[in-house]
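Engineer: Only the shape, not the letters, is given here:
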């Protein structure tokens, strides 16, 4: 007589599944991280603490009978400052973070252009393409008036456009 044994083996290892879930959770948390929120909280804490120091200096001249009233005033100043300056601190933090990101992008583009030019010095094909781009730009500038706020592409973008035009 023949008997069959069927054993259910999982397709994935539970430890691997947990590790993948943790890695995915970290990726999601990293994508949703907003540096401006922490900076806004830090700025708000600095503003509120400076106001509390001023309020404490004013209260230190009072006598002991008004200590409870002084603490109520101090906490009132604290909560009013938090409510009043929260939007301002958030806006300042968002502007600071976005300007830092834009500066990093500009530095990265400048580094990429410098690397591209360093490579172009050793490759005559790229030099010819750059000369073609330069002559085409000079011809376009002679035909049209120069707009002060024109978007000037990087060398990489210009060369990519030339190469795309050659192949398509």
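Structural biologist: Ah, there it is. Predicted model only: the values in this text are computed from it and were never measured.

Engineer: tell me which element the most centrally placed residue in the chain is part of?
Structural biologist: Per C-alpha atoms, centre = their mean, the C-alpha nearest to the average position across the chain is that of residue 101, at 4.6 Å. Element membership of residue 101 [criterion: DSSP states H and E] is helix 67-120.

Engineer: Can you give me the buried ones in the helix or strand containing residue 28?
Structural biologist: Element membership for residue 28, per DSSP H and E: helix 14-31. Within helix 14-31, no residue is scored as buried using 16 or more other C-beta atoms under 10 Å. For every residue, glycine as well, the C-beta is placed using N, CA and C.

Engineer: counting contacts, what elements does it pack onto?
Structural biologist: Contact partners of helix 14-31 among helices and strands, from 3 or more C-beta pairs under 8 Å, 6 or more residues apart in numbering; DSSP states H and E: none.

Engineer: And the helix-or-strand element of the chain with minimal mean pLDDT, what does it pack against?
Structural biologist: Scoring the helices and strands of the chain by mean pLDDT, DSSP states H and E places helix 155-167 at the bottom, with a mean of 74. Counting contacts by 3+ C-beta pairs under 8 Å, 6+ apart, helix 155-167 is packed against helix 67-120, helix 124-143.

Engineer: Thank you, goodbye.
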